[in-house]
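S.K.: Mind folding the following:
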Amino acid sequence: MSSITKARALPLPELLLLLTALIWGGGFIFTNLAILSGLPLSLILTLRFAIPTVIMAVLFRQEMAIASRRDLLCGAGAGVILFLAFFLQTYGIKYTTPANSAFLTATNVIMVPFISWLLFRQKPARCAFPLAFTCFVGAAVLSWAPGAGVSFNLGDCLTLLCAFLFACHIAFLGAVSGITSSAAVLSVVQLGVSALLSMIAFCAIDQARCTLEAFRSGILPMLYLALLSTGLCYFLQNWAQRRVAPANAAILLSCEGLFGSLLSVICGYDELTPTFVAGGAIILLSVILAQIDWSRFGRTRGDSSAASSIES
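M.R.: So this is what the prediction gives:
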């Protein structure tokens, strides 16, 4: 049988990262519903993090009881980064357009390999850089609207900083996943720290604007965000990133934008446009190419050359 370059089947960790991206994609719709209900943004973050923290702390109470100091410190560090990223993203979108927010947030894909390399000495595969860049291009095309200009204002600055923090979060998890003993502990602690910081922000900024009616109308989308988009997804991410390189994880998680756009089209929030099709195709191509064992292709060429020399 001839040796050719083949795309390997996605193993479980990569599949779980894609599932995470799919659920996060649906989170755009439910976040919009929560905001439309009138809930203050900091309260949305508080509930989003606090509900899964309580549930997961009960489910994993035995692991929490024997958690090491290192697990707690790593979880706390991840929680601070996660809160800051979501806080900046949530408030940044108030001062910029959705297209600009999506475009700038997507830049975290191309930042991850550099952050992992510079801060954590995790040198990525050579193909990670061009594939991260093509994935970034796909996200840009996906978010581009013909005739719409791009203005770099306060919201754009906050969103760009948010993208950097999301990239730091992915790189940080990739760095500490190998030295922590439990993905469950890491998840509970990071979500708990994020919930605490969100509650502090709510008490300091938005407490006076909260109404019971807004809470009632926003509870269903909040349950999706809390239980699925936050609790389940960050546990899956923490577990999967113990087995997937940060650069590849960033590429897989970048499908969040594609899934979010697709679900938005299905639900009637957006139209199926040429930019959606082109951007989605570029992202999918990047994900597929990331699963090809290029080193095997190099060995195959070397083996063929050696065989030709022997035969001659």
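S.K.: so who does the residue nearest to Ala175 when sequence neighbours are not counted touch?
M.R.: Ranked by C-beta to C-beta, 6 or more residues apart in numbering and with sequence neighbours excluded, the top spatial neighbour of Ala175 is Phe120, at 4.0 Å. Placement of C-beta: from N, CA and C, glycine included. Each residue near Phe120 by C-beta atoms under 8 Å, 6 or more residues apart in numbering is listed here: 171-172, 174-175.
S.K.: could you dump those residues to JSON lines with secondary structure, distance to Val277 and pLDDT?
M.R.: Shown next, in JSON lines, are the contacts of Phe120 (DSSP: H, G, I helix; E, B strand; the rest coil; distance: C-beta to C-beta, whole Å; pLDDT from 0 to 100):
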{"residue": "Ala171", "secondary structure": "helix", "distance to Val277": "31", "pLDDT": "89"}
{"residue": "Phe172", "secondary structure": "helix", "distance to Val277": "34", "pLDDT": "91"}
{"residue": "Gly174", "secondary structure": "helix", "distance to Val277": "32", "pLDDT": "83"}
{"residue": "Ala175", "secondary structure": "helix", "distance to Val277": "36", "pLDDT": "85"}
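S.K.: Now for the residues you listed: which two are most distant?
M.R.: Phe172 and Gly174 (7.2 Å; C-beta to C-beta).
S.K.: so which of the contacts of Phe120 is the most crowded?
M.R.: In terms of neighbour count, Ala171 stands highest of the contacts of Phe120 at 28 neighbours, by other C-beta atoms under 10 Å.
S.K.: thinking again about what came up before, check the gap between the residue nearest to Ala175 and Gly38 for me.
M.R.: 42 Å (C-beta to C-beta, to the nearest Å).
S.K.: measure Met222 to Leu43 for me?
M.R.: Distance from Met222 to Leu43, by C-beta to C-beta: 9 Å.
S.K.: And Ala106, by the same measure?
M.R.: Taken as C-beta to C-beta, the span from Ala106 to Leu43 is 27 Å.
S.K.: Using neighbour counts, pick out the buried residues of stretch 66-77.
M.R.: Residues 67, 71-72, 74-77 are the ones in stretch 66-77 that count as buried (16 or more other C-beta atoms under 10 Å).
S.K.: now what about it, what contacts it?
M.R.: For stretch 66-77, using C-beta under 8 Å, 6+ apart, the contacting residues are 172, 176, 179-182, 185-190, 192-193.
S.K.: Which one (most neighbours) among these?
M.R.: Busiest of those [other C-beta under 10 Å] is Val188, holding 32 neighbours.
S.K.: my guess is it meets Met64, correct?
M.R.: Yes. In this structure, Val188 is within contact of Met64 by C-beta atoms under 8 Å, at 6.2 Å.
S.K.: Which neighbours do those two have in common?
M.R.: Common contacts of Val188 and Met64, defined by C-beta under 8 Å, 6+ apart, comprise Ala57.
S.K.: With only the CA atoms kept, save the helix or strand containing Ser187 in PDB.
M.R.: Ser187 belongs to helix 183-201 when assigned by DSSP states H and E. Output of helix 183-201 as PDB, limited to C-alpha atoms (Å, rounded to 0.1, in the frame of the first residue of the first chain):
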ATOM      1  CA  ALA A 183      -8.800  19.100  36.000                       C
ATOM      2  CA  ALA A 184     -11.900  19.200  38.300                       C
ATOM      3  CA  VAL A 185     -10.000  21.200  41.000                       C
ATOM      4  CA  LEU A 186      -8.600  23.500  38.400                       C
ATOM      5  CA  SER A 187     -12.100  24.100  37.000                       C
ATOM      6  CA  VAL A 188     -13.800  24.700  40.300                       C
ATOM      7  CA  VAL A 189     -11.100  27.100  41.600                       C
ATOM      8  CA  GLN A 190     -10.800  29.200  38.400                       C
ATOM      9  CA  LEU A 191     -14.600  29.500  38.200                       C
ATOM     10  CA  GLY A 192     -14.900  30.300  41.900                       C
ATOM     11  CA  VAL A 193     -12.300  33.100  41.600                       C
ATOM     12  CA  SER A 194     -14.000  34.500  38.500                       C
ATOM     13  CA  ALA A 195     -17.400  34.400  40.400                       C
ATOM     14  CA  LEU A 196     -15.900  36.300  43.400                       C
ATOM     15  CA  LEU A 197     -14.300  39.000  41.200                       C
ATOM     16  CA  SER A 198     -17.500  39.300  39.200                       C
ATOM     17  CA  MET A 199     -19.600  39.800  42.400                       C
ATOM     18  CA  ILE A 200     -17.200  42.500  43.600                       C
ATOM     19  CA  ALA A 201     -17.600  44.200  40.300                       C
END
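S.K.: quick one on the thing from earlier: so which of the buried residues of stretch 66-77 are in helices?
M.R.: Within the buried residues of stretch 66-77, residues falling in helices by DSSP state H are 71-72, 74-77.
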